[in-house]
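In: What follows is a predicted protein model with its sequence.
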Amino acid sequence: MASKYHGPINRTRRPISILIVIGLCCFCYLIGIWQKSGSGKGDKLALQVTEQTADCNVFPQTTLDFESHHNYVETVETSELTVKRFKSCEAKYTDYTPCHEQDRAMKFPREDMIYRERHCPPDDEKLHCLILAPKGYTTPFPWPKSRDYAYYANVPYKHLTVEKAVQNWVQFQGNVFKFPGGGTMFPRGADAYIDELASVVPIGSGMIRTALDTGCGVASWGAYLLKRNILAMSFAPKDNHEAQVQFALERGVPAVIGVLGSISLPFPSRSFDMSHCSRCLIPWASKEGMYMMEVDRVLRPGGYWILSGPPLNWKTYHRVWNRTKENCRAEQRRIEEHAELLCWEKKYEKGDVAIWRKNINGKSCRRASANICQTKDADNVWYKKMDACITPYPDVKNSDEVAGGELKKFPARLFAVPPRIANDLVPGVTVESYEEDNKLWKKHVTSYKRSISLLGTTRYHNIMDMNAGLGGFAAALDSPKLWVMNVVPTIAENTLGVVYERGLIGIYHDWCEGFSTYPRTYDLLHANRLFTLYQDKCEFEDILLEMDRVLRPEGAVILRDGVEVLNKVRKIAAGLRWDTKLLDHEDGPLVPEKIFVAVKQYLVEGDEDQSTPNDD
């Protein structure tokens, strides 16, 4: 009986049970996929725990305004931070250069220009206030107009317009300075002068990319080389020609305050394709040729040295210089002898200009007797005494080989493997890691441009990378609209030679000290892991105050570093009145490295808000 009445019901339930089990399995599977995808609550909880543990404090993705407005924008303040508010410095410090101040300089000997070299204040004498722009300060003209014009209010010094009036350096017109492109030794203009040099030096071929301009004046030579895709590192002392370097940087030309004195130049050996002196008043024939030997150290094998001005053409000008023929003749003869000892071959002399070329290697160099430098590291130059000795060429196998390695023409040089890396001369860097570094910085720069849309335009022309590494940031950003000063900290791995072999420029520096430039000379500052590098070396506050000093009003800052370090930086930056935000790494919020972006406020002398005393 039972089988007769219940059998059909059991047969009906069995398929239903199977369908229910299959359905439950599918549901569980879909739930698992949903959780795995990152859309589930478990992933959100994990993310919250990670964020709380890391204390990321990432600001909302608000948009910072990178345009120039020249009005005060309220600073982003965060309630959880106790901010030390920095007051403004006195108006007399508006052009303060901490390591090149006149009062301190006069305490040092004048011999060998020692008093014009770097002399930085001790920690207890450092300024801990904001250097404000002068009243009427205006964002400089965009490049290339800035090459020819600068606002008087930004650099209010007329001294050069009087002293150098007949030499066509700079003219004052209304509320602006005009730079006609002239110079003491090129009255027909820098372009015509460079054309003369190009008849001997392969300017425009891509072989000449980096240049050194010693005693640059207002850097018109470097300014007109930029349009020929040549980067000139210009330098001049801070002397009675008020603000030469400040004028150069205001125009948008790479320059630093510096002098050939008793200390080695802060550049690696074999850096520059060309070195230039146009009436730079450096006593080349003195000190047993020491200054020519220092130029030889930084000049690449096959590079060119250009001299224009005294003692050349002495037959014409010796009376103007108040010198005798015999004195001038003897000076030029000593220069020729030093050049021969350095294995430089004279290629040209006409009128006021002479050009020598350095041999590509030491095989053909026949020196009767010479003082060869014994140091094993010709790049170890920070605060090192300059010696009257010749830096030896790197070894070569034959007379046709370029010592140190042959470079490709620019722009191929920019991403080609630098000889220093190919020859395993940079510890920890291989060809493969170099190429990976380039890929990484292309990715980083692409991400930066999403946050700062004006990056890569003329809005940011003077740029500094404060911890340049292999120069990947500058290479990824390379454009005729801008240039990058690649700084290699003295406590970091020495990679500056690689930077120069890529066709970029840069300098050694210790960020515990002031940089050799005037206030308000850079549009954008970038630093990768700089604060981690200096974490136990000096105060973050000092580094950030120096950044504020050299940054133009409404200029931008981009920092990459660990989240804990950047939280400390953000706290100090709030007291600097920077408009800031903290962004996640390109690869997502779980990466502990973050990106800090900031804009400096437009503040000028007399702003009442800045007279507030410091708050602890």
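Out: Everything's here; your move. Worth saying up front: this structure is predicted, and the values here are computed from it rather than measured.
In: so Tyr93 touches Leu127, yeah?
Out: Yes - with contacts counted by CB atoms under 8 Å, Tyr93 reaches Leu127, the gap being 6.7 Å. Every C-beta, even on glycine, is put in place using the N, C-alpha and C of the backbone.
In: Three-state assignment for the closest residue to Leu341 other than its chain neighbours, please.
Out: Excluding the flanking residues, the one nearest Leu341 by CB to CB, 6 or more residues apart in numbering is Ala370, at 5.6 Å. Three-state assignment for Ala370 (DSSP: H, G, I helix; E, B strand; the rest coil): coil.
In: which phi and psi does Ala370 have?
Out: Phi and psi for Ala370, reported as degrees, to the nearest 10, are phi -160, psi 150.
In: So for it, what's the pLDDT?
Out: pLDDT for Ala370: 82.
In: what number of residues lie near it?
Out: 14 (other CB atoms under 10 Å).
In: Verify the stated contact: it with Ile390.
Out: Yes - between Ala370 and Ile390 there is a contact at 5.4 Å, judged by CB under 8 Å.
In: Find residues that contact each of these two.
Out: Counting by CB atoms under 8 Å, 6 or more residues apart in numbering, the common neighbours of Ala370 and Ile390 are Leu341.
In: Scan this protein for its longest strand.
Out: Longest strand in the chain by number of residues (criterion: DSSP state E): strand 551-562.
In: in its sheet, what does that strand sit against?
Out: strand 522-528 (parallel), strand 593-599 (antiparallel) (DSSP bridges).
In: Tell me the helix or strand right after the first one.
Out: Note on strand 522-528: by DSSP states H and E, the next helix or strand toward the C-terminus is helix 530-533.
In: Go ahead and name everything in contact with that following helix.
Out: 466-467, 489, 491-492, 511, 540, 543, 559, 561-562, 565-566, 568-569.
In: same thing but 6 Å
Out: In this structure, residues lying in contact with helix 530-533 by CB atoms under 6 Å, 6 or more residues apart in numbering are 466-467, 561, 565, 569.
In: ok, and Arg549, which helix or strand is that part of?
Out: Counting by DSSP H and E, Arg549 is part of helix 540-550.
In: pLDDT weak spots in the stretch 101-250 of the chain?
Out: Within the stretch 101-250 of the chain, the stretches with pLDDT under 70 are 160-168, 240-242.
In: how about the strands in it?
Out: Applying DSSP state E, counting those that start in this stretch to the stretch 101-250 of the chain gives strands spanning 149-151, 171-173, 176-178, 210-214, 231-236.
In: Just checking: what are the partner strands of the fourth one?
Out: For strand 210-214, the paired strands and their directions (DSSP bridges) read strand 231-236 (parallel), strand 272-278 (parallel).
In: Looking at these, which is nearest to Gly261?
Out: strand 231-236 (11.5 Å; CB to CB).
In: Can you list phi and psi of the closest residue to Leu545 other than its chain neighbours for me?
Out: Nearest residue to Leu545, sequence neighbours excluded (CB to CB, 6+ apart): His128, at 6.5 Å. Backbone torsions of His128, given as degrees, to the nearest 10, read phi -120, psi 60.
In: Would you agree Val488 is in contact with Val498?
Out: No - between Val488 and Val498 there is no contact under CB atoms under 6 Å: 9.3 Å.
In: so Tyr500 touches Asp273, yeah?
Out: No - assessed by CB under 6 Å, Tyr500 is found out of contact with Asp273, at 9.2 Å.
In: residue boundaries of the helices in the stretch 401-550 of the chain?
Out: Counting by DSSP state H, counting those that start in this stretch, residue ranges of the helices within the stretch 401-550 of the chain are 419-422, 431-451, 472-477, 496-501, 530-533, 540-550.
In: Mean neighbour count, the ones you listed: which tops it?
Out: helix 496-501 (a mean of 27; mean count of other CB atoms under 10 Å).
In: next one: that helix to chain centre, how far?
Out: The chain centroid and the centroid of helix 496-501 are separated by 13 Å under CA atoms, centre = their mean, to the nearest Å.
In: just checking, Arg84 is part of a helix?
Out: For the record, residue 84 is Lys, not Arg. No - counting by three-state DSSP, Lys84 is not part of a helix but coil.
In: Check the burial of it by counting its neighbours.
Out: 15.
In: swap in the one 10 residues further on?
Out: By other CB under 10 Å, 19 other residues sit near Thr94.
In: Surely it is in contact with Lys135?
Out: No - contact criterion CB under 6 Å: Thr94 and Lys135 do not qualify, at 9.6 Å.
In: Any regions of the chain where pLDDT drops low?
Out: In the chain (pLDDT under 70), the answer is 1-63, 70-81, 160-168, 240-242, 368, 608-616.
In: Nearest the geometric middle of it, what residue?
Out: Nearest residue to the geometric centre of the chain (CA atoms, centre = their mean): Met485, 1.6 Å.
In: Pull up the gap between Asp465 and Val563, please.
Out: 21 Å (CB to CB, to the nearest Å).
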